[in-house]
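A.B. asks: Next one to model:
(2 chains)
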Amino acid sequence: MAGNSEPLSPRAKLAVTAGRAAAAVSRAAGKGSGSVIGGKVALRFDPDLLARLARHLDVVLVSATNGKTTTTRLLAEALRAGGPVVSNALGANMPAGITSALAGGSDARFGVIEVDEKYLAGVARDVAPKAIALLNLSRDQLDRAAETRMLAEKWREGLAGSEAIIVANADDPLITWAASSSPTVVWVAAGQSWKDDAWSCPSCGGVLQRPGDDWFCGECGFRRPTPTWALSGDHVVDPYGVAWPIQLQLPGRANKSNAAVSAAVAAAFGIDPKVALERMYKVQAVAGRYDVVSFMQRDLRLLLAKNPAGWLETFSLIDGPPTPVILSVNARGADGTDTSWLWDVDYTRLAGHPILVIGDRKLDLAVRLEVAGLQFRVCADLDEAVRAAPPGRIEAIANYTAFQDLRRRVGN
Amino acid sequence: MSESSLRLVWVYPDLLSTYGDQGNALVVERRAVQRRVPVTRVDVRSDQVIPTSGDIYLIGGGEDRPQRLAAERLRRDGGLNRAVANGAIVFSVCAGYQILGHEFINDLGRPEPGLGLLDVVSTRGEGDRCVGDVLADIDPQLGLPPLTGFENHQGITHLGRTARPLARLRVGRGNGTGDGTEGAFNDTVFGTYMHGPVMARNPHIADLMIKLALDVNALPPVDDQWYDALRAERIAAAVQPA
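C.D. replies: Presented below is the predicted three-dimensional model:
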């Protein structure tokens, strides 16, 4: 069990103090929360600070292409049943942000940490986590050229000797490849809607066969492991075959999947699925995602979708026609500067909805929608788009920086 | 070649569809249908046989290992070479472009034989990846407006005698040889490094493929307002990056 039996060294304390000071300066200068700069300063004073801070905690890492922030939040709520939790809840998921978050929780028992995919192996080495939750891997930010399969390979190498319990999605072949070198894996049938990054066997390159929910490689025999936990419709089925209802306020299949994985992780810490799930029901919105805000006499639901897999899940949770849909896409640094991925998104799913298009790259979206044969209207900005919709619910779907722009405009 | 309908073959989406290049198939399909030309689109997975009766074959970009697997399977299949011998049109992007040449460097760092449908040889550059908006003037023989696209690759492609450069660069790295060329083509086989996807940025290229396939000189006009607006924006962005 963790606790503060082993106090921080003077050097580590100095590093934490220096980091807090830098964060305060950054905040005072109006440059955000300061968590990243604070973490960077602290790590410069003490490069081993992350490892030292983690030593006092039962750490769980969460990584994936989609659902990291939400799952981190759900899991943090669940683990609070067992003691205080410290978490990088705002999504600062690289080492500096993680260090900063952990430095803020000296009384915590659990550390629930979202980790950027590229840093997972390194952070796992530094913090010796008790558990690691791996949800899904798919194409994202193409211009950075981090090959999805290579990422799975790096995870596989990095986690091979890990003492952590790996809680992994057995329905994602790349996640399965990444996790299956680890000694202790809890397999969760958490589902996978987007399959277009997993037609090639991650082991031998053969073509994967995917009958129904199953998958296997006909050439080398690599196949879906038998799960002990499963998402089944609106329930999560535990290893004893007990089906627990999932009644989240958060919408959509993907969040049920996130909750199922979170329940399996919580169980590894002795927290009953019923208790874990009921705590997750309290979560209404995560860093603005899924929030419904009142704006110009309309109710805007803010939905973040950063890549083809994310858009696919988002289309499955929005209200049906004639609910208007606002689409906003940017291609700034944090989004990836290549917009080609728009063509991997099946926008014909929006047929029947009034579609309003905004964002830096609205013209890319306009051509995409024209070729999909959809009716749409290009608007100058959010206000014009909202005015074009009747009072009532509007679904607003945006990629990363476009989502931040939306939040700023509506005061979220 | 068929006269009034178009058979469109999208080659190996399981391996070479990473960078949105299936958009090229969607644009060709859409612009043919807008001209009342019926289209049959066939997506051929890499464990299936490449049909030889297609009019237009499209091949996209992909990551290094899938590129090698695709080259191995296309060589073994032989269908694409037979289709080209019968006069079929092939339009290829990035990894697909390299596969159509004589040779490229595979994910294991070794030379991998291509299909020899384009007289080009590709190697891998030492420096940074070429990433960003590109602007180039297309070979006047093709009679098309400037080429706009997004490049994201580390390849260097050298053209042999029977391959003509598809375009001359104004902005970007293109073939990466430093000689100002981008892409390559011969009679009916085309290759480019441009994503975007390239046909969404350059609908006239999609029209050219349709005209070649139908053996006609002109197509009825369609409403290009959104393509034109996008082209103007991206050409300006290439000339003056943000």
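A.B. asks: Please enumerate the helices of chain B.
C.D. replies: Counting by DSSP state H, chain B has helices at residues B:22-34, B:64-77, B:79-85, B:95-100, B:198-201, B:203-214, B:225-239.
A.B. asks: Spit out the contact partners of the nearest residue to residue A:184 once chain neighbours are set aside.
C.D. replies: Of all residues not flanking residue A:184 in the chain, residue A:165 sits nearest, at 5.0 Å (Cβ to Cβ, 6 or more residues apart in numbering or on different chains). Quick note: C-beta positions are derived from backbone N, CA and C, even for glycine. Residue A:165 makes contact with A:130-132, A:184-186, A:268, according to Cβ atoms under 8 Å, 6 or more residues apart in numbering or on different chains.
A.B. asks: Columns secondary structure on top of these, output as TSV?
C.D. replies: Shown next, in TSV, are the contacts of residue A:165 (DSSP: H, G, I helix; E, B strand; the rest coil):
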residue	secondary structure
A:130	coil
A:131	strand
A:132	strand
A:184	coil
A:185	strand
A:186	strand
A:268	helix
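A.B. asks: Next one: the nearest residue to residue A:137 once chain neighbours are set aside relative to residue B:132, how far apart?
C.D. replies: Excluding its sequence neighbours, the residue lying closest to residue A:137 (Cβ to Cβ, 6+ apart) is residue A:174, at 4.3 Å. Going from residue A:174 to residue B:132 by Cβ to Cβ, to the nearest Å gives 28 Å.
A.B. asks: is the spatially most central residue of chain B in a bridge, and if so with what?
C.D. replies: When Cα atoms, centre = their mean is applied to chain B, the residue found nearest the centroid is residue B:92 (2.8 Å). With DSSP bridges as the criterion, residue B:92 is bridged to residue B:59, residue B:191.
A.B. asks: wait, doesn't it sit right on residue B:99?
C.D. replies: Yes: using Cβ atoms under 8 Å, residue B:92 is in contact with residue B:99, at 7.1 Å.
A.B. asks: Overlap in contacts, these two.
C.D. replies: residue B:59.
A.B. asks: Only whichever of the contacts of residue A:165 are buried, select them in PyMOL.
C.D. replies: Buried residues within these, by 16 or more other Cβ atoms under 10 Å in any protein chain shown, are selected in PyMOL with:
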select buried, chain A and resi 130+131+132+185+186+268
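A.B. asks: okay, the contacts of residue A:165 in JSON lines with pLDDT next?
C.D. replies: Formatted as JSON lines, the contacts of residue A:165 follow (pLDDT from 0 to 100):
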{"residue": "A:130", "pLDDT": "97"}
{"residue": "A:131", "pLDDT": "98"}
{"residue": "A:132", "pLDDT": "98"}
{"residue": "A:184", "pLDDT": "96"}
{"residue": "A:185", "pLDDT": "98"}
{"residue": "A:186", "pLDDT": "98"}
{"residue": "A:268", "pLDDT": "97"}
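A.B. asks: tell me the two of the contacts of residue A:165 that are most distant?
C.D. replies: For those, the farthest-apart pair by Cβ to Cβ is A:130 and A:185; their separation is 14.1 Å.
A.B. asks: before we move on, back to that, same list (the helices of chain B) but as TSV, adding mean pLDDT.
C.D. replies: Shown next, in TSV, are these (pLDDT from 0 to 100):
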stretch	mean pLDDT
helix B:22-34	98
helix B:64-77	96
helix B:79-85	98
helix B:95-100	98
helix B:198-201	98
helix B:203-214	98
helix B:225-239	97
